[in-house]
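[1] have a look at this prediction, sequence included:
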Amino acid sequence: MVNLNTVPPRNNRDYYIAIGLEGSANKLGVGVIKCSRSAHMASGDNSHNCDVEILSNIRNTYVTPPGEGFLPRDTARHHRNWCVRIIKQALEEAEIKNPHLDIDVICFTRGPGMGAPLHSVAIAARTCSLLWDVPLVGVNHCVGHIEMGREITKAENPVVLYVSGGNTQVIAYSENRYRIFGETLDVAIGNCLDRFARTLKIPNAPSPGYNIEQLAKNCKNKDSLIELSYTVKGMDLSMSGILAYIDTLAKDLFRGNKKNRLLFDKETGEPKVTVEDLCYSLQENLFAMLVEITERAMAHVNATQVLIVGGVGSNTRLQEMMGQMCKDRANGKVHATDERFCIDNGVMIAQAGLLQYRMGDYVKDLSETVVTQKFRTDEVYVSWRE
Amino acid sequence: MILPQFPDYEINVSLYENVQNAADIQSRVAELPYAFIDANMICSVEQLTAAIYRTLMESTYNRLRTKTLHSEVLLALSPTSNIGEAFKKFGVKSTSERLIVVQINENGSQKIDDSLVQGDSVEFKDENLQSYCDVDAIRKVYKLDKSFQSNNTSDLSRALVDAIQLRGL
Amino acid sequence: MSQEIVDTVTKYLTPNIPIKQISQGAEAVVFTSSAHPYLPTPEHDADGKPLQYIIKYRPPKKYRHPIIDRQLTKHRTLSEARLLSKLFLIGGINVPKLIATDPYNGCLWLEFLGEDLPNNSGFSNLKNFLWANVNDPYNDVVKSTLIKVGEQIGLLHFNDFCHGDLTSSNIVLARDDTQSNDWKVFLIDFGLGSMSKLVEDKGVDLYVLERAIISTHSAFSDKYNEWIIEGFSNVYNKHGKGGETKLKEVLKRFSDVRMRGRKRTMIG
């Protein structure tokens, strides 16, 4: 039996307030949520239906110039520079005057992600905890995405496709774990798109993936495709070969390498494909692979719902393809959130952290707050679900 | 005979023994609207009908490699995509004493001209085919490895049906 | 399943071929039919009952680009057909007979194997068979059948093929002849199968089956898995020193995979 009211709110309130700090990659996010302690939470499987109220959701993204990625050192510096300002802004917007009285728990990302940025944010979290005398909870970033997605969409037991810059996983819940069904064997989907965007020298704002999506939409010749390999291996997939290949094509296209017959007409030397065509083909190919492994997982666990989370999850073409797949399955339904919750944010860390906190699982000693770059989704014991 | 998936085609198959005029037929193969097959190379009904099925499938999707359905049947029987070789291995030889005649009619019913083959017509069925098929020659043409032991005709036939389905794909 | 798929397949097969759906996976829909695609006279089993045939159909996936879809469907249909044909040529491996292959429409016709078990125990796959014997879980027929299961997998692996989705539902039992109690063991569904020399793939195959047995027949799984490995080892041990060395490698990796836990331990 799951009792989400194990730990009462502080100061005899009838609601919880949690603050979440996220900084595992190039986004620094702070969010504050409020969640009532209603009686129905004391039993049953209700972790997807907590009546969460979002008091604030502030994010600042470290944007690099076109053609450049974000390095851990610089990203960490960005997070350190902005951390205090963002936390203050989040508290202000949430109208929290006395954090030491009003906040029940401080949640921060313990991993996975880039070491230095994670570390910067963890230090901020520890400082706040000592300053305000508020308990800490270290949260798995992926679980944060999943719990936020479930809360927003009210999807009770979906197969989760988690697609972001650092992760590509198909996840299904079973026996208190979010088990990984399939995942990338090499690079993550978001990383793949980011690196391709870098080759194309397209802007990193608002995000490289978004810009690729827009270019793909403008592809004039959607009837034909540039042939890319389709590398689904059982439930896993591999993308590094595809990336290497399309990267070479893009470079040949820019350099005007007329020897490449695939790109340039043999007689006239005119280019046959455009950057838009490349983006379109890449998306169609990669997303088809993602949808396929998701469908395999659904068939395996007999699930009808899919939840897409992570930054790449805000891509409308991916959502559309997933929707089509679900439509063709009996009673299938796809859940996706918009960019506010798809892209890394503090609210999701607060949500997952608060669930964990309410089950009585919080940091008892600061030595438990060491961040970890490698933190698999299935390592977390999900006490808040049946 | 009609294959359920291709109801527009009517297929006639006749089997002859003690054929007298093989050389004459061989010289006129190109002009006669039939497929003539050396029956020694056929060990079962399914071997031939699988090839006919493949022929009609390729025809339906406009993937015929030869000019007529009848020559395509010979190609379909062959484990390689060489048309000349297929005729040499499976087609009527001047010395053939046992012949299978196949006629495929699209949207129409014609019969095989009885006077064409001078020989004894027997029923086209497994027992008759098995009694005189040349297992060694068949194994050689289909390049079956020695490690594959076909103790009975049905195992042999199954290997041939597999080869027929997958040729060139 | 959506009616649309049934409509598409009926249109393609024509109404002359009656179909009945028996399962839908992520990739393929499986039907049975009483019609044979090209035999002029119907076939019968030893009891004189007309034979059934399996039609495995990979429907077009609308979510993916038609070009990708066509290529994949063709590629996968063919690779499964090729695998079945290669496995048949290896002595001793039992796989369903390939009857017809249509790579353009993603359709395979296969021999129907198995039967309904007595007392409403369901279709004669390994999973249901073990359930049907739950009251006498260690009887001789169970033992000899599981050893045969191991032998089938052993033969598959020894010849450098991997199944890719070796669950107890993908192992089908068919009677040797109608009189005897003995079962002949068949491996089915090679949709994820491949030629592979990698011990990793073989270890995962064994692990996936072990998990399947544990999750559905946990009380007897120790003995069951032991018998399977006994049969598996028999095959390798027939091939002298070389075989024994290979066996050790596979079993070593199998226990490694078990230790680290295959990340996708979700079965059934």
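    Alright, I've got the coordinates. Numbering: from 1, shown residues only, chains lettered A, B, ... in the order given.
[2] could you chop the chain up by domain?
    Because you didn't say which chain, this covers chain A. Per automatic domain parsing, the structural domains of chain A span A:10-150+A:342-379, A:157-339.
[3] chain C, not that one
    What automatic domain parsing lists as the domains of chain C is C:3-111, C:126-260.
[4] ok, back up a step: residue C:61: which of the domains of chain A is closest?
    Nearest of the domains of chain A to residue C:61, taken as CB to CB: domain A:157-339 at 7.1 Å. In this view, the C-beta of every residue, glycine as well, is placed from N, C-alpha and C.
[5] end to end on that closest one, go ahead and measure it.
    Distance across domain A:157-339, first residue to last, is 22 Å (CA to CA, to the nearest Å).
[6] check the offset of that domain from the chain's centre.
    Domain A:157-339 has its C-alpha centroid displaced from the chain centroid by 15 Å (CA atoms, centre = their mean, to the nearest Å).
[7] so how far is residue A:86 from the residue nearest to the spatial centre of chain C?
    The centroid of chain C falls nearest to residue C:188 when counting by CA atoms, centre = their mean (1.9 Å). Counting by CB to CB, to the nearest Å, the gap from residue C:188 to residue A:86 is 57 Å.
[8] residue contacts, residue 137?
    I went with chain A, as the question did not name one. Residue A:137 sits next to A:105, A:106, A:107, A:108, A:353, A:354, A:356, A:357, A:361, A:362, A:363 when contact means CB atoms under 8 Å, 6 or more residues apart in numbering or on different chains.
[9] actually it's chain C I care about, not the one you picked
    Neighbours of residue C:137 in contact, by CB under 8 Å, 6+ apart: C:130, C:217, C:219, C:220, C:223.
[10] show me which of these are buried.
    Buried members of those, scored by 16 or more other CB atoms under 10 Å in any protein chain shown, are C:130, C:217, C:220.
[11] which element is residue A:340 on?
    Using DSSP states H and E, residue A:340 maps to helix A:339-342.
[12] meant to ask about residue A:53, not that
    If you go by DSSP H and E, residue A:53 is part of strand A:52-61.
[13] could you give the number of residues near the residue in the stretch 151-268 of chain C that chain B sits nearest to?
    Of all residues in the stretch 151-268 of chain C, residue C:159 sits closest to chain B, at 10.5 Å by CB to the nearest CB. Look at residue C:159: counted by other CB atoms under 10 Å in any protein chain shown, it has 16 neighbours.
[14] quick one: contacts of the strand holding residue A:53?
    With CB under 8 Å, 6+ apart as the contact definition, strand A:52-61 has outside contacts at A:17, A:26-35, A:78, A:82, A:86, A:89-96, A:151, A:205-207, A:340, A:343-347, A:351.
[15] what residues sit buried inside that strand?
    Buried-residue list, strand A:52-61, by 16+ other CB under 10 Å: A:52, A:54, A:55, A:56, A:57, A:58, A:59, A:60, A:61.
[16] distance from the centroid: which residue in chain A tops it?
    For chain A, the C-alpha farthest from the mean C-alpha position belongs to residue A:267; by CA atoms, centre = their mean, that distance is 46.7 Å.
[17] which residues does it contact?
    For residue A:267, the contact set (CB under 8 Å, 6+ apart) is empty.
[18] quick one: contacts for the closest residue to chain A within chain B?
    Here the residue of chain B nearest chain A is residue B:169; by CB to the nearest CB that distance is 18.3 Å. By CB under 8 Å, 6+ apart, the residues touching residue B:169 are C:78, C:101, C:103.
[19] show the model's pLDDT score for the residue farthest from the centre of chain A.
    At residue A:267, the pLDDT value in this model is 87.
[20] name the SS class of it, please.
    coil (DSSP: H, G, I helix; E, B strand; the rest coil).
[21] show me where chain A has its strands.
    Ranges of strands within chain A are A:15-22, A:27-36, A:52-61, A:105-111, A:136-140, A:159-163, A:168-174, A:177-183, A:232-233, A:236-237, A:305-309, A:333-336, based on DSSP state E.
[22] compile those strands into CSV and extend it with columns for mean pLDDT.
    Listed next are the strands of chain A as CSV, based on pLDDT from 0 to 100:
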stretch, mean pLDDT
strand A:15-22, 97
strand A:27-36, 96
strand A:52-61, 96
strand A:105-111, 97
strand A:136-140, 97
strand A:159-163, 95
strand A:168-174, 92
strand A:177-183, 89
strand A:232-233, 86
strand A:236-237, 88
strand A:305-309, 95
strand A:333-336, 93
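[23] now render the ones you listed as a markdown table, adding distance to residue C:112.
    Putting the strands of chain A into a markdown table (distance: least, CB to CB, whole Å) gives the following:
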| stretch | distance to residue C:112 |
| --- | --- |
| strand A:15-22 | 55 |
| strand A:27-36 | 56 |
| strand A:52-61 | 53 |
| strand A:105-111 | 51 |
| strand A:136-140 | 47 |
| strand A:159-163 | 32 |
| strand A:168-174 | 32 |
| strand A:177-183 | 31 |
| strand A:232-233 | 29 |
| strand A:236-237 | 32 |
| strand A:305-309 | 34 |
| strand A:333-336 | 35 |
